[in-house]
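A.B. asks: fold the following and give me the result.
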Amino acid sequence: MGWLVGVVVVLALLVAVDRAAAWVVAGRVADGLEDDGATDVGVHVGGFPFLTQLARGELEDVTGTAGTAAVAATGDAPAPVTLDDLRFAAQDLGTRDPWRAGHVTASAVLPASSLTTLVSDATGADLQVATADGALEVTTSTFGLDVVVSVAPRVDDGHLAVGVSSVRVGPLEVSPDQLPDALAGLVTDRLDGLRVPLDLPDGVRLERVAVRDDGVRVVLSGEDVALGELAAS
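C.D. replies: Next up, the predicted model:
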């Protein structure tokens, strides 16, 4: 019986060492992502045993979250914009910085404040973006009246695009072809079909979008992606 107790103790110690090593590596990944600009990062390394994965130099399954991450904008945007509530799952993750994954899926919320920056820069107009009733509303002003353009986000060939659904001038809903020329140009030429200028890392593609109360949740996937680039693209 003594030998059985000894075997159980040894196995328990091996499991403890294995999990401790996984915890250490998870912390290193989290620290690396925070160095790249993400905040409040939590990482979990799955799969057992971990030490054999470490010996191979490739982790089978790593998941994580971040409170915020940065995403660059193409064009003339002055600075990166914020993504909230980043969640990711990576497979075949390298064990060294830059933590390159064979495959990664991720989702994050592009908040209304970031959308305001991106859409204003892309159109060259002073706009405000908010969410309402499951849609995005883009607001500007003319002659003292608020002009509210309801737009629906969609994926267009891997890019975030928007299409105009309706236009409201003050309390009245107006057809785009009844708008003054200056507003018609903004609505039909610059907003309708606009691709929101997100500069995603190489190998990362936009898969799905959905409007939420706090912005637009984007779902991404990619191959051969460094996690640091995903957290600070």
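
A.B. asks: is the spatially most central residue of the chain in a bridge, and if so with what?
C.D. replies: By CA atoms, centre = their mean, the chain has its centre lying nearest to Ala108, at 3.5 Å. Beta bridges link Ala108 to Val218 when assigned by DSSP bridges.

A.B. asks: which parts of the chain are strands?
C.D. replies: 42-45, 58-73, 81-94, 100-111, 128-132, 135-142, 145-156, 159-169, 172-174, 198-199, 204-212, 215-226 (DSSP state E).

A.B. asks: number of residues surrounding Ala132?
C.D. replies: Neighbour count of Ala132, defined by other CB atoms under 10 Å: 11. Heads up, the C-betas are built off the backbone N, CA and C, glycines and all.

A.B. asks: what is it paired to in the beta sheet?
C.D. replies: With DSSP bridges applied, the residues forming beta bridges to Ala132 are Ala135.

A.B. asks: from Val218, how far off is the residue nearest to the centre of the chain?
C.D. replies: Applying CB to CB, to the nearest Å, one obtains 6 Å for the distance of Ala108 from Val218.

A.B. asks: which residues do these two both contact?
C.D. replies: In terms of CB atoms under 8 Å, 6 or more residues apart in numbering, Ala108 and Val218 are both contacted by the residues Leu83.

A.B. asks: was I right about Val164 contacting Val174?
C.D. replies: No. Judged on CB atoms under 8 Å, Val164 makes no contact with Val174 at a distance of 11.6 Å.

A.B. asks: where are the low-confidence patches of this protein?
C.D. replies: Within the chain, the ranges that satisfy pLDDT under 70 run 1-18, 20, 72-79, 230-233.

A.B. asks: again, only this time at 50
C.D. replies: Along the chain, the model assigns pLDDT under 50 to residues 5-11, 77.

A.B. asks: quick one: contacts for Gly158?
C.D. replies: Arg205, Leu206.

A.B. asks: ok, now Val167?
C.D. replies: The contact partners of Val167, by CB under 8 Å, 6+ apart, come to Val147, Val148, Val149, Ser150, Glu173, Val174, Ser175, Pro176, Leu179, Val187.

A.B. asks: most neighbours among these, please name it.
C.D. replies: Val149 (25 neighbours).

A.B. asks: show me what it is bridged to.
C.D. replies: The residues paired with Val149 through beta bridges, assigned by DSSP bridges, are Val138, Val167.

A.B. asks: would you check how far apart it and Pro180 are?
C.D. replies: With distances defined as CB to CB, the gap from Val149 to Pro180 amounts to 14 Å.

A.B. asks: Gly144 too?
C.D. replies: Distance check for Gly144 against Pro180: by CB to CB, it reads 14 Å.

A.B. asks: so which of those two has more stuff around it?
C.D. replies: For Gly144 versus Pro180, neighbours defined as other CB under 10 Å are more numerous around Pro180 (11 against 6).

A.B. asks: what is the burial count for the closest residue to the more buried one other than its chain neighbours?
C.D. replies: Once flanking residues are discounted, Pro180 sits nearest to Thr142: 7.5 Å by CB to CB, 6 or more residues apart in numbering. For Thr142, the number of neighbouring residues by other CB under 10 Å comes to 14.

A.B. asks: quick one, phi psi at Pro197?
C.D. replies: Backbone geometry at Pro197, expressed as degrees, to the nearest 10, gives phi -80, psi 80.

A.B. asks: Ser120 is in contact with that one, correct?
C.D. replies: No. Between Pro197 and Ser120 there is no contact under CB under 8 Å: 11.1 Å.

A.B. asks: mutual contacts of the two, please.
C.D. replies: Taking CB under 8 Å, 6+ apart as the contact criterion, no residue touches both Pro197 and Ser120.
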